[in-house]
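Asks: From the sequence below, what's the structure:
(chains A and B)
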There are 2 protein chains.
Amino acid sequence: MRLTAVVAACAFLSAAAHADEGMWTFDNFPSAKVKEAYGFAPDKAWLDRVQRASVRLENGCSGSVISKSGLVLTNHHCVADCAQSLSSARADLLADGFLAASRKEEKGCPGLEVSILQSITDVTERVQGATAGVAPAQVSSMRSAEMGRIEQEACGDDRKLHCEVVTLYRGGQYKLYRYDRYDDVRLAFAPELQAAFFGGDPDNFNFPRYAVDMALLRIYRDGKPAAFKAPLKLDPKGASDGDPVFVSGHPGSTNRLLTVSQLEFQRDHYLPWRVEYLAQIRGALLATAAIGEEEERQVREALFGVENSVKVFKGQRGALVEPAFFAGLESGEQKLRDALAADAGLREKYGDPFKDIEALAPVRSELWMPYQMLELRMGAGSQLLADARTLVRGATERAKPASDRLPEYADGRLAGHLKALSAETPIHPVLERLELEFWLLKTREYLGPDNSAVKALFGGRSASDIARDIAENSSLSDPAVRKRLWEHPEQVLTSNDPAIVLFRLFDEAARATRKSYEERVAGPESQASERIAAVRFAVLGSGVYPDATFTLRLSYGQVKGWDDPAFGKIPAFTYVSGLWKRATGAFPFNLAPHWQGAETKIDGAIPMNFVSTNDIIGGNSGSPVLNRKGDVIGLAFDGNIHSLGGAFGYDPVLNRTVSVASPFIVAALDKIYGAKALVKEIED
Amino acid sequence: MRLTAVVAACAFLSAAAHADEGMWTFDNFPSAKVKEAYGFAPDKAWLDRVQRASVRLENGCSGSVISKSGLVLTNHHCVADCAQSLSSARADLLADGFLAASRKEEKGCPGLEVSILQSITDVTERVQGATAGVAPAQVSSMRSAEMGRIEQEACGDDRKLHCEVVTLYRGGQYKLYRYDRYDDVRLAFAPELQAAFFGGDPDNFNFPRYAVDMALLRIYRDGKPAAFKAPLKLDPKGASDGDPVFVSGHPGSTNRLLTVSQLEFQRDHYLPWRVEYLAQIRGALLATAAIGEEEERQVREALFGVENSVKVFKGQRGALVEPAFFAGLESGEQKLRDALAADAGLREKYGDPFKDIEALAPVRSELWMPYQMLELRMGAGSQLLADARTLVRGATERAKPASDRLPEYADGRLAGHLKALSAETPIHPVLERLELEFWLLKTREYLGPDNSAVKALFGGRSASDIARDIAENSSLSDPAVRKRLWEHPEQVLTSNDPAIVLFRLFDEAARATRKSYEERVAGPESQASERIAAVRFAVLGSGVYPDATFTLRLSYGQVKGWDDPAFGKIPAFTYVSGLWKRATGAFPFNLAPHWQGAETKIDGAIPMNFVSTNDIIGGNSGSPVLNRKGDVIGLAFDGNIHSLGGAFGYDPVLNRTVSVASPFIVAALDKIYGAKALVKEIED
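Replies: Residues are numbered from 1 along each chain as shown, chains lettered A, B, ... in the order given. Model prediction:
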């Protein structure tokens, strides 16, 4: 449930929320409704305390502070990129796991930053005002510029803060989120990958489950463990079936407020394309991993990400082709359209924004594919090419006045680029070559060999030659080189580095493509979405939740199994004893080293993983699951297979959050991994 | 346009045919309509002569006899598997091409058989009668048995004949097709793969095109070139823009007569699944080919097949998600349903077969995936596993009375199995390992690790271990072993060969799955389809064409470019001069050895490839394109990208057949490949 891919998108509504539905902002939590359902609701003090201990991992995950010395509980799969970065052909922290012998031995995660939300301020009027009366083609850039100014005013260049203007309700609200930002985050503990991901791809998004998907990071400030006065407490007893529970975390992206025409695009074009794209690279990664141990090590983490995404997008598409599910989404929109049609005042003020979005379908069809491919919007991909882009565009954009720049090169964002480029993140040449060749082939496949950008890109060479050249010869694999080039933009523009040269070949075409898309699709679409949001508030009131935006949300629900249409009754808990039964000895059902022959070390009756009705989605990985007291009784790491439709709607009967149970977290650390000092720190 | 995958399916109708639409049977050709459109229509003599020279390649292609000594013109991609089979790490006939120095040097294609249609006999009454009043669950097996009896009565065990009862109009008619069958087919000429497939995957299904996709086979009878009195004549002048032209060949499968609910299944489930499945193995094949030359050689042909199929299935899905296209299919059905509703006599006789098919949707959803995976219905796949199945089932089935057997083991089919198993078809261990591991992983992915067949299949081993064991240790890679085992079924049942052992692990589950599917889905569906066909004949008359069934059809049309919505006016012809311009030097736009520096050897003004409005589909590859006189003016090898929707409907504005022009065929053989004797034979 790490955020695998942010689907950029636009608009608004749904019917009345189901029981337990919603990823609620902390400033609009439906306490009355929760109290009615569960006889209890968090008060302001509860919410404040949980907010201040809820961590956003900037790699797309969540976590929680569970000690006064900045220990952060999150998932193993959220630190997998860190463990991969810290590994080499000699020491494999991802496969073998890691336990720091002392705090001094904790290892910094290259490039990883975390943020903790401090305040939320409404800036809707200012942002909407900045684009009032502006032509649709200018909306995207004008709005971005205003958001950049607000962020810069609030946080300045202070690297210990992070400010973000967040678009909520697809333009219904804009809010300034102000975070404490930490850029020194170290790995304290991670189990073996095979323990964390026991059952592998077949069990991913499934339940019953036996995953040790947990890890511990530590936040440092000025070289010392960061001090927290009010960390969350890990409850060693855990929760019981039926207990009300809360998940505090950062769901990445949902599309529940899309219009029907936008959903049709997702169903018929976007999602099938993503699945095909990812399925092909999945095959390539699997075949590459089969070549040998070092190849396997280099591509492993990318493979997990891709397999996870394939399941996510297939699940989403599967939900949208269910006639009843789609009909529900259609009827939600129809109610709003009927209300709009019946209200002359609303019609006069907002027109028919649904129709306006429908009218964008042909131009979107024409423009979205070149925009995806040339602007490298497919996630994963070559790190060298991504770095080349940051360097080339960074050089060009910094030469312009702030108001003319692409928003990702606003003054407030520059330090982040330098930090990311300087990080000691290793480049995996086997993976780079594969990803580059794949991107080149797919770009030619989708745009056609006669497209002018494609011709420029290939320049009479084969995809395989270009990819090999860059993977073998680009000096951007050296963090010192990346840092130097960022600091000397004039060197970028004349560099002969093959990755930089390749990017320069299509930068102009990519920019043109993006400009067209923003002016002709994204701008008009976001204007229409703002109007739909206004209609929605007018019709349904403000007691609704916005789509997920990788910002802090609270979900409520209860520990509860489900009655599966294919597999029958699924109980809420699994127990350690079940792990031994499920292990076959062969990948991916083999036991990790620490677990082999460990039956006598740990009580088989301890609850291991459990499900609850909380409404979460990718990005929520690592979220604390909390009881009434606000103590941690679980660690969310996944959803069940039915939860994948959650991108578009929540089904209280079938959607479930999957978590590691707190008693197991303590027992595994203590009995299996011998992490006595960490256990003591957590219990203190 | 080789037949890539036969989509098994069921029912009936469409609206009135467009101009040039239709893959017409030779016994129901719409001569009056063609004459009206083009002022000419083939007469009986024309049809008979063309039929007797039209060849079906049993590997899924078409061809034509163009000399009295049995020379067959077809596509390079139709002989690619032959060239691959005749190659080794030392001699690469696929990459380097092949020209037999004399007839003696022509090389037998292992396992390849060809058939030439001699007669068509209506057996509808007998086949329908055999299942009259039979319970839906028994329909499939009863009908298969009756068809087997008819075939056996007509052809007996004569290996020079081949009989097939063909289901036309999805059960509206059953006809006995009687062929001359030839099992000694030799390769006389093939250009280099890079010449045949210039432009590779990017240009596949596109136009303008510069492909030398041609090859020559020779049919032998009793060790000598087979004699033909009336071969087709290759017209060295070719055709001109606007000329009426005819394509005689074997289109494999269309789904134009499916009901809307069957089409929805294709659109929402079947096609997206196929694309994902194939995209993943495509990635694996590409990554494997990148390892080294020998790996590339072993997987190359499979890769081409997979890339071709990905394009086909994506194109089909793309057509079905076009709202206007699908609405057209819906309205075609609605007309028929309205006519049925308005006619009490029809209703009483046939009920509502549309509804009956709709009602099958849930059970189909439940059963189709295990049926696909366990019955190895995804095409391609491991040859060793397929051979293990033939051996194991062959042993079991031959022990039963004929009436109890699976239809593919009816008496008339047994010699074919022996022939295929004994063929000197090489096994490629690299490809086998990849295909086996892939099938194992996908079977577990789709059926789940807790499925009992999956558990039996894996038995605590990993997919990679099972696949490696079989690829390295199965003796089924030896044709002599396969032959011996077929001849000694008792040895199969006790064999320790790892491929045979693996198949035996899931044979029972696979059979059960197939039985369920046939009894609960295919049987009832085909009964309903027969009733729909009857309604259709009653409403629309008999002047309609049946869905494609890999049987001989004639399509009419004219040489004509098109106005492309994305690319503007596309002229009908390309010329040799364009090849030099399109060549970049890098794969897949590099020139094959014979074409490098050959600008002075061949006239640039010779037409190379051309398009016509003929309605064809996969299986038509290698078909002769004929003028009024019945002379060959082209060699069909592809459709344009719009033709992919042709599986479901024909669009006269955009659908085009792509062919090699006859003047180019002669010039390339003569000037580039120096095939003087073959040119002389063709001209004689």
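
Asks: ok now do the residue in the stretch 151-300 of chain A that chain B sits nearest to, which residues does it touch?
Replies: Ranked by C-beta to the nearest C-beta, the top residue of the stretch 151-300 of chain A for proximity to chain B is residue A:283, at 3.0 Å. Yep, even glycine has a C-beta here, placed from its N, CA and C like the rest. Applying C-beta atoms under 8 Å, 6 or more residues apart in numbering or on different chains to residue A:283 gives the contacts B:279, B:280, B:281, B:282, B:283, B:284, B:285, B:286, B:287, B:438.

Asks: What's the separation between it and residue B:303?
Replies: Separation of residue A:283 from residue B:303 (C-beta to C-beta, to the nearest Å) stands at 11 Å.

Asks: Find residues that contact each of these two.
Replies: Contacts common to residue A:283 and residue B:303, judged by C-beta under 8 Å, 6+ apart, are B:282, B:285, B:286.

Asks: Filter the residues you listed down to just the ones in helices.
Replies: Under the assignment DSSP state H, the shared contacts of residue A:283 and residue B:303 contribute B:282, B:285, B:286 to helices.

Asks: Which member of those residues is positioned nearest residue B:349?
Replies: residue B:282 (48.1 Å; C-beta to C-beta).

Asks: I figured the closest one was touching residue B:310, is that so?
Replies: Yes - using C-beta atoms under 8 Å, residue B:282 is in contact with residue B:310, at 5.9 Å.

Asks: among the contacts of residue A:283, who's most crowded?
Replies: Scoring these on neighbours with other C-beta atoms under 10 Å in any protein chain shown, the highest-scoring entry is residue B:285 at 30 neighbours.

Asks: Distance of it relative to residue A:525?
Replies: Counting by C-beta to C-beta, the gap from residue B:285 to residue A:525 is 39 Å.

Asks: for the helix or strand containing residue A:354, packing partners?
Replies: Using DSSP states H and E, residue A:354 maps to helix A:353-358. Helix A:353-358 sits against helix A:260-265, helix A:323-341, helix A:523-540, with contacts defined as 3 or more C-beta pairs under 8 Å, 6 or more residues apart in numbering or on different chains; DSSP states H and E.

Asks: Please list all residues in contact with residue A:556.
Replies: Counted by C-beta under 8 Å, 6+ apart, residue A:556 has contacts A:20, A:22, A:24, A:34, A:37, A:38, A:244, A:245, A:246, A:614.

Asks: now it, what's its secondary structure?
Replies: strand (DSSP: H, G, I helix; E, B strand; the rest coil).

Asks: Residue A:117 now?
Replies: Residue A:117 - assigned by three-state DSSP - is strand.

Asks: before we move on, the earlier item: highest neighbour count among the contacts of residue A:556?
Replies: Ranking the contacts of residue A:556 using other C-beta under 10 Å puts residue A:614 first, with 32 neighbours.

Asks: Can you list the buried residues in the helix ranked longest in chain A?
Replies: Counting by DSSP H, the longest helix found in chain A is helix A:293-320. Buried residues in helix A:293-320, counted by 16 or more other C-beta atoms under 10 Å in any protein chain shown: A:295-320.

Asks: Who are the packing partners of it?
Replies: Counting by 3+ C-beta pairs under 8 Å, 6+ apart, the packing neighbours recorded for helix A:293-320 are helix A:76-85, helix A:93-96, helix A:271-289, helix A:429-447, helix B:271-289.

Asks: Please spell out which residues along the shortest one are buried.
Replies: Judged by neighbour count using 16+ other C-beta under 10 Å, the buried positions of helix A:93-96 are A:93, A:94, A:95, A:96.

Asks: right, and residue A:298 touches residue A:431 too?
Replies: Yes - Residue A:298 sits in contact with residue A:431 when judged by C-beta under 8 Å, with a separation of 5.1 Å.

Asks: Which neighbours do these two have in common?
Replies: With C-beta under 8 Å, 6+ apart, residue A:298 and residue A:431 have no common neighbours.

Asks: of all the shared contacts of residue A:283 and residue B:303, which comes closest to residue B:400?
Replies: Scanning the shared contacts of residue A:283 and residue B:303 for proximity to residue B:400, where the rule is C-beta to C-beta, the winner is residue B:285, at 38.7 Å.

Asks: Can you give me the distance of the residue nearest to that closest one when sequence neighbours are not counted to chain A?
Replies: In space, and not counting its chain neighbours, residue B:285 is closest to residue B:303: 4.2 Å by C-beta to C-beta, 6 or more residues apart in numbering or on different chains. The gap separating residue B:303 from chain A is 11 Å, by C-beta to the nearest C-beta, to the nearest Å.

Asks: Any chance of JSON lines for the helices and strands packed on helix A:293-320, columns mean pLDDT and distance to residue A:587?
Replies: Shown next, in JSON lines, are the helices and strands packed on helix A:293-320 (pLDDT from 0 to 100; distance: least, C-beta to C-beta, whole Å):
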{"stretch": "helix A:76-85", "mean pLDDT": "96", "distance to residue A:587": "17"}
{"stretch": "helix A:93-96", "mean pLDDT": "96", "distance to residue A:587": "12"}
{"stretch": "helix A:271-289", "mean pLDDT": "97", "distance to residue A:587": "11"}
{"stretch": "helix A:429-447", "mean pLDDT": "97", "distance to residue A:587": "20"}
{"stretch": "helix B:271-289", "mean pLDDT": "97", "distance to residue A:587": "17"}
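
Asks: Minimum distance to residue A:627: which of those has it?
Replies: helix A:76-85 (22.5 Å).

Asks: who in the stretch 451-600 of chain A is up against chain B?
Replies: Residues of the stretch 451-600 of chain A lying near chain B by C-beta under 8 Å from any C-beta of the partner chain: A:458, A:460, A:461, A:462, A:464, A:465, A:584, A:585, A:586, A:587, A:589.
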